[in-house]
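# Quick one, structure for this:
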Amino acid sequence: MWVVEALGEVLRSRREQLGMSQAGLAAAAGVSLRQVGRYESGEQQPVLGVALSLAEALGMTLNEMGDRSEPSRSSGSPPGPCFGRRRSTTEPDVSQ
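Coordinates of the predicted model:
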């Protein structure tokens, strides 16, 4: 359950950093105020589509939501470990 609670801390921290209310985040992400409260408290974890909406509303990537460090798009730091990994659509070169 600690992952859900950690995600809630990231959501709350970023929302407060932006000076956004829970109601503002709810409206921007298309979820209810009650749901935002549940996510921030760690009571529930958002499904992927909602997590994407929350991340976009907060100006974050899913990687940044999964990483407990401060969000920064220009830091050049590697992505966080939890969310948003893409699989390569190309086949590896095994002809050697």
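# drop to CA atoms for contacts and neighbour counts, all remaining ones
Noted.
# what about Gln17, how many neighbours?
For Gln17, the neighbour count with other CA atoms under 10 Å is 10.
# got any ranges where this structure has weak pLDDT?
For the chain, residues meeting the criterion pLDDT under 70 lie at 1-5, 67-96.
# buried sites along the longest helix along it?
Counting by DSSP state H, the longest helix found in the chain is helix 2-17. The neighbour-count check on helix 2-17 (16 or more other CA atoms under 10 Å) flags Val4, Glu5, Ala6, Leu7, Gly8, Glu9, Val10, Leu11, Arg12, Arg14, Arg15 as buried.
# name the helices or strands packed onto the helix or strand following it?
On the C-terminal side of helix 2-17, the closest following helix or strand by DSSP states H and E is helix 22-29. Under the contact criterion of 3 or more CA pairs under 8 Å, 6 or more residues apart in numbering; DSSP states H and E, helix 22-29 touches helix 33-41, helix 48-57.
# could I get these as CSV with mean neighbour count and distance to Asn63?
Converted to CSV, the helices and strands packed on helix 22-29 look like this (neighbours: other CA atoms under 10 Å; distance: least, CA to CA, whole Å):
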stretch, mean neighbour count, distance to Asn63
helix 33-41, 18, 17
helix 48-57, 17, 9
